[in-house]
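Undergrad: need the 3D shape of this:
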Amino acid sequence: MNVGLRVGTACIVAALAIALGACGGEATGDRPKEGSSTLTVYSSLPLQGRDRDRSRDMVNAIKLGLQEGNGKIGNLRVTYVSLDSSTAEEGTWTRDRVLDNARQTVRDPNTIAYIGDLHSAATALALPLVNEGHVLQISPGSTYDGLTRPGGARKGEPERFYPSGKRTFSRVVAPDHVQASALVGYMKQAGVERLAIARDRGLYGGGIADQVQEAAETQGVEVVKTDRINAREGDLSSIAQSVAASPADAFLFAGETDAGAARIFSAVAAADPDMLLFAPSGVAGRAFTRALSASAQRRMRITTPTLPTPLLSRAARAFVTRFRATFGQEPEPEALLAYEATKVVLRSIRGAGERGNDRNAVVDAFFALRDRRSVLGTYSIDRYGDPTLNTFAGNRLRGGRLTLDKVLKVRG
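TA: Numbering: from 1, shown residues only. Below you'll find the model as predicted:
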């Protein structure tokens, strides 16, 4: 497959052999043109900085998913536009880029779906705009509970994210409360009885910390210490010493790679040579493992929503083979999530039948999904709009790479 890329100030247009997208322009209207035979799928991912590698693989997975259908569903032609939510200066996604991407998506009258954003806080910014445009939004990584269900950290959630009054957002990963249950179950299997928790100051960290505390109470793990910290800068030795001085036999940092996760885990490992270390999938990237001390690596345990390739379904293994043959490398785990996001978008367009170019009809087709057999396993969309996925990998680190330790299944 020949892939041409044209770089603009805020977007990358993936000009596939199967379909050509257009970037920029100030098209107006909040729904596809009546009778339009060309549909556009947008993605918004941080293509620079710490998330560069996994976002690159997610973009390539989206291309692969579209290529497999030859860019067509019946008489409809499907094109793709990849938008960058990050800047080189910040090295991560920025508020302005996320909002610009959401606006560009809604203004394009041919837009039918939006894959993004990767981070929960970015999704919280984009979602109200995308929702007002009646666009189906599928995130490959935003797990914050409050985006879809009550129990989030802020008042008015999830209703505040849906100004149109209609649900238009879902994800291809289980929400935080499911991962929290898997994390605490992983702790229990490791013999943990008392837990210290530190959270970052972001939406994701606060959300997962709250859910872990609830899961710990349910599963009989005592939370003996909680802190809200800025792990990006400053001397963390006093915080680490206070964790070591507590009766905890395990430490969880609820946050993401760019929140200083490697710094705080390394500091705690230096302060207490016996304490077990746990983290959610928000740190499961090469940037984190490269920055982690050797002492912390030996005791690190991380949950992720995807299993190693040998344990994946036949369809998922086939995707990995195609990805490797097309792009010349193994995909990052998140690529499988982006691939499924693409396939479920195409399935929803097809499910809308003759109204496949109507945004509302495509949204309705998505939320009607039941018992979908996918590369991630079989799932339905529940009453909150979340997938009923419940399997996580419990991983150790070997040579700086994630290695499966336990398969974790969350019940009901």
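Undergrad: next, G116: phi, psi?
TA: Dihedral angles of G116 (phi, psi; degrees, to the nearest 10) stand at phi 150, psi 180.
Undergrad: for the residue lying closest to it once chain neighbours are set aside, give the beta-bridge partners.
TA: Nearest non-adjacent residue to G116, counting by CB to CB, 6 or more residues apart in numbering: S44, 3.5 Å away. Any C-beta I mention is one placed from the backbone N, CA and C, and that applies to glycine too. Counting by DSSP bridges, S44 is bridged to L83.
Undergrad: right, and S44 touches T105 too?
TA: Yes: S44 lies in contact with T105 (CB atoms under 8 Å); the separation is 7.5 Å.
Undergrad: which residues touch the residue nearest to G116?
TA: For S44, the contact set (CB atoms under 8 Å, 6 or more residues apart in numbering) comprises L83, S85, V98, N101, A102, T105, Y114, I115, G116, D117, A122, A126.
Undergrad: now with 6 Å, please.
TA: By CB atoms under 6 Å, 6 or more residues apart in numbering, S44 lies in contact with L83, S85, N101, G116, D117.
Undergrad: again, but for G156
TA: So G156 contacts nothing (CB under 6 Å, 6+ apart).
Undergrad: doesn't it fall inside a helix?
TA: No: assigned with DSSP: H, G, I helix; E, B strand; the rest coil, G156 falls outside any helix and is coil.
Undergrad: show me where the stretch 101-250 of the chain has helices.
TA: Ranges of helices within the stretch 101-250 of the chain are 120-132, 176-189, 203-219, 237-245, based on DSSP state H, counting those that start in this stretch.
Undergrad: what helices and strands are in contact with the next helix or strand after the last one?
TA: Next helix or strand after helix 237-245 toward the C-terminus (DSSP states H and E): strand 250-254. With contacts defined as 3 or more CB pairs under 6 Å, 6 or more residues apart in numbering; DSSP states H and E, strand 250-254 has these neighbours: strand 194-199, helix 203-219, helix 261-271, strand 276-279.
Undergrad: adding distance to A182, write these out as CSV.
TA: Output for those, formatted as CSV (distance: least, CB to CB, whole Å):
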stretch, distance to A182
strand 194-199, 15
helix 203-219, 9
helix 261-271, 18
strand 276-279, 11
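Undergrad: let's have these in TSV, adding mean neighbour count.
TA: Below are the helices and strands packed on strand 250-254 laid out as TSV (neighbours: other CB atoms under 10 Å):
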stretch	mean neighbour count
strand 194-199	23
helix 203-219	22
helix 261-271	23
strand 276-279	24
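Undergrad: format those as JSON lines; extra columns: mean pLDDT.
TA: Formatted as JSON lines, those follow (pLDDT from 0 to 100):
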{"stretch": "strand 194-199", "mean pLDDT": "97"}
{"stretch": "helix 203-219", "mean pLDDT": "95"}
{"stretch": "helix 261-271", "mean pLDDT": "95"}
{"stretch": "strand 276-279", "mean pLDDT": "98"}
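Undergrad: between the ones you listed, which gets nearest to A316?
TA: strand 276-279 (24.0 Å; CB to CB).
Undergrad: right, and the helix or strand after that closest one?
TA: Once strand 276-279 ends, the next helix or strand along the chain (criterion: DSSP H and E) is helix 286-291.
Undergrad: need the contact partners of that following helix.
TA: R50, T257, A261, A262, G400.
Undergrad: re the thing from before, do you know which of the helices and strands packed on strand 250-254 lies nearest Q329?
TA: Comparing the helices and strands packed on strand 250-254 against Q329 with CB to CB, the closest turns out to be helix 261-271 (23.9 Å).
Undergrad: any idea how far the residue located most distally from the centre of the chain is from M275?
TA: Most distant from the centre of the chain: A245, at 34.6 Å, with distances by CA atoms, centre = their mean. To M275, A245 is 11 Å away according to CB to CB, to the nearest Å.
Undergrad: do S43 as well
TA: 39 Å.
Undergrad: cool, G353 as well?
TA: Applying CB to CB, the value for G353 to M275 is 56 Å.
Undergrad: more neighbours: which of the two?
TA: Neighbour tally, G353 and M275, criterion other CB atoms under 10 Å: the higher count belongs to M275, 20 against 11.
Undergrad: where does this structure dip in pLDDT?
TA: Low-confidence regions of the chain, defined here as pLDDT under 70, cover residues 1-35, 152, 412.
Undergrad: who's in contact with P163?
TA: Counting by CB under 6 Å, 6+ apart, P163 touches P128, E132.
Undergrad: okay, now the domains of this protein?
TA: Domains of the chain are assigned by automatic domain parsing as 4-174+312-381, 176-304+392-409.
Undergrad: so which of the helices of the stretch 101-250 of the chain gets nearest G385?
TA: With respect to G385, and counting by CB to CB, the nearest of these is helix 120-132 at 11.6 Å.
Undergrad: now for the closest one, which elements pack on it?
TA: Going by 3+ CB pairs under 6 Å, 6+ apart, helix 120-132 lies up against helix 95-107, helix 203-219.
Undergrad: can you rerun that using 7 Å?
TA: Contacts defined by 3 or more CB pairs under 7 Å, 6 or more residues apart in numbering; DSSP states H and E place helix 120-132 against helix 95-107, strand 136-139, helix 203-219.
Undergrad: can you put these in JSON lines and add distance to L195?
TA: Shown next, in JSON lines, are the helices and strands packed on helix 120-132 (distance: least, CB to CB, whole Å):
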{"stretch": "helix 95-107", "distance to L195": "33"}
{"stretch": "strand 136-139", "distance to L195": "28"}
{"stretch": "helix 203-219", "distance to L195": "6"}
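Undergrad: out of these, which comes closest to T378?
TA: strand 136-139 (17.5 Å).
Undergrad: out of the helices and strands packed on helix 120-132, flag the one nearest V268.
TA: Closest approach to V268 among the helices and strands packed on helix 120-132 (CB to CB): helix 203-219, 15.5 Å.
Undergrad: run through who's touching that closest one.
TA: With contact meaning CB atoms under 7 Å, 6 or more residues apart in numbering, helix 203-219 is reached by 119-121, 124, 144-146, 152-153, 176-177, 179-181, 183-185, 188, 195, 197, 199, 223, 252, 254-256, 259, 280, 282.
Undergrad: distance from that helix to the middle of the chain?
TA: Mean-position distance between helix 203-219 and its chain equals 18 Å (CA atoms, centre = their mean, to the nearest Å).
Undergrad: what angle sits between that helix and helix 120-132?
TA: 110 degrees (axes from the mean of the first three to the mean of the last three CA atoms, to 10 degrees).
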